[in-house]
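[1] how does the following fold in three dimensions:
(chains A and B)
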Number of protein chains: 2
Amino acid sequence: MSKQPKAQDRKDAFNKPAREVLLASTEVDLAGIESNSSPGYDGDKASGAADLAAIGEELSELQERFFAASRAGAPHTILLILQGMDTAGKGGIVRHVIGAVDPQGVSHHAFKAPTAQELKHDFLWRIEHELPEQGLIGVFDRSHYEDVLIHKVRGLSPAKEIERRYGAINDFESKLAREHTTIIKVMLHISNEEQRGRLAERLDRPDKYWKFNTGDIDEREVWDDYMEAYQTAIRRTHTRDAPWFVVPADKKWYARLAVASLLLEALKAIDPQWPPADFDVEDQKRRLARS
Amino acid sequence: MSKQPKAQDRKDAFNKPAREVLLASTEVDLAGIESNSSPGYDGDKASGAADLAAIGEELSELQERFFAASRAGAPHTILLILQGMDTAGKGGIVRHVIGAVDPQGVSHHAFKAPTAQELKHDFLWRIEHELPEQGLIGVFDRSHYEDVLIHKVRGLSPAKEIERRYGAINDFESKLAREHTTIIKVMLHISNEEQRGRLAERLDRPDKYWKFNTGDIDEREVWDDYMEAYQTAIRRTHTRDAPWFVVPADKKWYARLAVASLLLEALKAIDPQWPPADFDVEDQKRRLARS
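    Residues are numbered from 1 along each chain as shown, chains lettered A, B, ... in the order given. Okay, the predicted model is just below:
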């Protein structure tokens, strides 16, 4: 059996860092980003699956070290925020990318429509409650961005309040970054046509009916409004502390590989170390032998 | 490429249901259960790994159906409670068994020493807070059983209170069972010698130092008291509603296979079904085509 190359020796799947290739900007133009493309990656679906498996192993190794370091006081946290239209693949990212990591190291939360109690508080209140602890990889499936996306498109909040929220989000995320949270904000970017095909599949397969809501088609009627709301939200909240990445997601395999790469790069940048012993190793060996 | 047999056609890894082979009783004798054995399984470590991978795929499939059914109102929940001495392998079960399942379908909680706030409440208060929602697989790494284990061995609570707790636990778990929670209580059973070896490994490997606590050796001095406390706890709280399973755990591969089998059998017994469409499929196809 041939030995796998060690994590640190393995060639990166991307030809440039994913965090550079996919980085948004304060002038991002969503219509100019081809949702069917695979920027930064030269391979195809088959090599993508193999690369994802290899990255999964690296993620799993590094996550353990990341967690261990936190037990010895390293202050870092990672927060991956997943946004995208229905069927964009948020759930698949969680299953296939986050699924590669020890469940003990993950704090996952899917935000639904706010409850009556949550509505009594500021929109960030429920978000604060779900922030991951030190040493964990937090994953938000939807997030506070719904409060400037569907709220804008559907007029659920006044325009002035939406304006206020962009600033509030930036302040909030800057505070998290100062507290050593690496924030990775991902928009999974699919085309209108791709969504139609994915919804059609849900209507064709009885094992997919449960994922279909008639409201999903209502939302298609305001697709362009959503794209505009996403573009504005990204422009207004793309910061050095909390950058946005626009991930072309018509190819599911590519989107998974891209998010896995973003996560891996973030962990490598933190470069967690195994904590040294806070006890005398030889003493403890003697005690153990006598026990 | 040869097609994998379908989940329901595959031969079970165990030669009898794990839930029968590993079932404890109200007269369980821990000393009589060989911690190095592999009851109900005829294979070895290599076949065990292959069987675990196959069970993982089945678990993953069935978990999705279990989750889907809950969205349509199926009331079931699963709660896996993992108990065992330090190094018994609770974390490894979570990583290698629960790790096979979509993170979105799992609610994992590791109970540590209670906080000051938790101590102001009854011992079951913090447990209630972490109960999994419908359709999720809840995993408790340690649990309310610590309140009749370490509390008994270390005299953290009076004997009379410990007595009260056995009854309170039975009432609590019966209530959960009536609310359609399948409770699987696992004691990972290792020998004193096996624990010594595993602790020695932690002292030999710098990437394992972080898992070592000098207190772990203190606990070895009262090993027999722990075994007695476990035995009493199992005898007093082994019920039809919430049975205990004693899983020989000196062989890590066997313990993982055994817990995976218990979980799979529980899911199969629930037999979740894909929910039917709650909308007119053909109508929605037409709407989608026009959208």
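
[2] where in the stretch 1-150 of chain A is pLDDT low?
    A:1-10 (pLDDT under 70).

[3] find the centremost residue of chain A, please.
    The centre of chain A sits closest to residue A:80, judged by C-alpha atoms, centre = their mean, with a distance of 3.3 Å.

[4] show me what counts as buried in whatever helix or strand residue A:255 lives in.
    Assigned by DSSP states H and E, residue A:255 belongs to helix A:252-270. Neighbour counts over helix A:252-270 (16 or more other C-beta atoms under 10 Å in any protein chain shown) mark A:252-267, A:270 as buried. Just so you know, the C-beta spots here come from the backbone N, C-alpha and C atoms, and that holds for glycine as well.

[5] and the direction of the lengthiest helix in chain A versus that of helix A:252-270, what angle?
    Using DSSP state H, we find that the single longest helix of chain A is helix A:45-71. When axes from the mean of the first three to the mean of the last three C-alpha atoms, to 10 degrees is applied, the directions of helix A:45-71 and helix A:252-270 differ by 30 degrees.

[6] what are the buried residues along helix A:45-71?
    Buried positions in helix A:45-71, judged by neighbour count with 16+ other C-beta under 10 Å: A:48, A:51-52, A:54-56, A:58-70.

[7] next secondary structure after that helix?
    strand A:77-84.

[8] find out how far that following strand is from the centre of the chain, if you would.
    3 Å (C-alpha atoms, centre = their mean, to the nearest Å).

[9] how about stretch A:116-123, does it reach chain B?
    No: Stretch A:116-123 is not in contact with chain B by C-beta under 8 Å from any C-beta of the partner chain; minimum separation 15.6 Å.

[10] number of nearby residues for the closest residue to residue A:153 other than its chain neighbours?
    The shortest distance from residue A:153 to any non-neighbouring residue, by C-beta to C-beta, 6 or more residues apart in numbering or on different chains, is to residue A:225 (4.6 Å). Residues lying near residue A:225 (other C-beta atoms under 10 Å in any protein chain shown) number 14.

[11] residue A:225 and residue A:150 touch, don't they?
    No: the criterion here is C-beta atoms under 8 Å, and residue A:225 misses it with residue A:150 at 10.1 Å.

[12] so what's the gap between stretch A:206-221 and the chain middle?
    Distance, centroid of stretch A:206-221 to centroid of chain: 23 Å (C-alpha atoms, centre = their mean).

[13] next one: stretch A:255-268
    On C-alpha atoms, centre = their mean, the centre of stretch A:255-268 falls 9 Å from the chain's centre.

[14] residues contacting it, please?
    The contact list for stretch A:255-268 (C-beta atoms under 8 Å, 6 or more residues apart in numbering or on different chains) reads A:12-14, A:17-19, A:22, A:40-41, A:48, A:51-52, A:55-56, A:58-59, A:62-63, A:66, A:78, A:80, A:82, A:89, A:92-93, A:96-97, A:100, A:137, A:182, A:184, A:186, A:188, A:245, A:247-249.

[15] which of the three states applies to residue A:233?
    Per DSSP: H, G, I helix; E, B strand; the rest coil, the local secondary structure of residue A:233 is helix.

[16] got the contact list for residue A:13?
    For residue A:13, counting by C-beta under 8 Å, 6+ apart, the contacting residues are A:41, A:43, A:48, A:51, A:52, A:54, A:55, A:257, A:261.

[17] what's the farthest-apart pair in those?
    A:41 and A:54 (13.4 Å; C-beta to C-beta).

[18] so the helix holding residue A:255 versus strand A:77-84, what angle?
    On the basis of the same axes, to 10 degrees, helix A:252-270 is oriented at 160 degrees to strand A:77-84.

[19] so how far is helix A:252-270 from its chain's centroid?
    9 Å.

[20] give me phi/psi at residue A:183?
    Per-residue torsions, residue A:183: phi -100, psi 130 (degrees, to the nearest 10).

[21] go ahead and confirm it touches residue A:176.
    Yes: Residue A:183 lies in contact with residue A:176 (C-beta under 8 Å); the separation is 6.2 Å.

[22] any residues in contact with both of these two?
    A:79, A:241, A:242.

[23] how near is the first one to chain B?
    For residue A:79, the distance to chain B equals 15 Å [C-beta to the nearest C-beta, to the nearest Å].

[24] can you give me the neighbour number for residue A:153?
    A count of neighbours around residue A:153, defined by other C-beta under 10 Å, yields 18.

[25] quick one, what contacts it?
    A:222, A:225, A:226, A:229.

[26] and it, how far from chain B?
    Taking C-beta to the nearest C-beta as the measure, residue A:153 falls 16 Å from chain B.

[27] then residue A:216?
    9 Å.

[28] and that residue, its phi and psi?
    When read as degrees, to the nearest 10, the backbone of residue A:216 gives phi -60, psi -30.

[29] confirm for me that it is in contact with residue A:199.
    Yes: counting by C-beta under 8 Å, residue A:199 is a contact partner of residue A:216 at 6.0 Å.

[30] helices and strands around whatever helix or strand residue A:170 lives in, which ones?
    Element membership for residue A:170 (DSSP H and E) is helix A:159-178. Helices and strands touching helix A:159-178, by 3 or more C-beta pairs under 8 Å, 6 or more residues apart in numbering or on different chains; DSSP states H and E, are helix A:150-153, strand A:181-189, helix A:223-237.

[31] what's the closest of the ones you listed to residue A:114?
    Using C-beta to C-beta, the nearest of the helices and strands packed on helix A:159-178 to residue A:114 is helix A:150-153, at 10.6 Å.

[32] can you give me the helices for the stretch 1-150 of chain A?
    Listed in chain order, the helices of the stretch 1-150 of chain A (DSSP state H, counting those that start in this stretch) span A:18-21, A:45-71, A:90-96, A:116-119, A:125-129, A:150-153.

[33] which parts of the third one are buried?
    Think helix A:90-96. Buried-residue list, helix A:90-96, by 16+ other C-beta under 10 Å: A:90, A:92, A:93, A:94, A:95, A:96.

[34] near chain B, which of those show up?
    Residues of those in contact with chain B (C-beta under 8 Å from any C-beta): A:94, A:95.

[35] return the residues of the stretch 51-200 of chain A in contact with chain B.
    Those residues of the stretch 51-200 of chain A that sit near chain B, judged by C-beta under 8 Å from any C-beta, are A:65, A:68, A:71-72, A:91, A:94-95, A:98-99, A:102-104, A:106, A:108, A:110, A:139, A:141, A:196, A:199-200.

[36] could you rerun that using 6 Å?
    Contact residues (C-beta under 6 Å from any C-beta of the partner chain) of the stretch 51-200 of chain A with chain B: A:68, A:71, A:94-95, A:98-99, A:102-104, A:106, A:108, A:199-200.

[37] tell me the spacing between the residue nearest to the centre of chain A and chain B.
    Taking C-beta to the nearest C-beta as the measure, residue A:80 falls 12 Å from chain B.

[38] doesn't residue A:247 belong to a helix?
    No: looking at residue A:247 with three-state DSSP, it is strand, so not inside a helix.

[39] grab the nearest non-local neighbour of it.
    Per C-beta to C-beta, 6+ apart, closest to residue A:247 is residue A:258, 4.7 Å.

[40] what distance do you get for the one you found to chain B?
    Distance from residue A:258 to chain B, counting by C-beta to the nearest C-beta: 19 Å.

[41] ok, residue A:182 - how many residues close by?
    20.

[42] mind listing what it touches?
    A:78, A:266 (C-beta atoms under 6 Å, 6 or more residues apart in numbering or on different chains).
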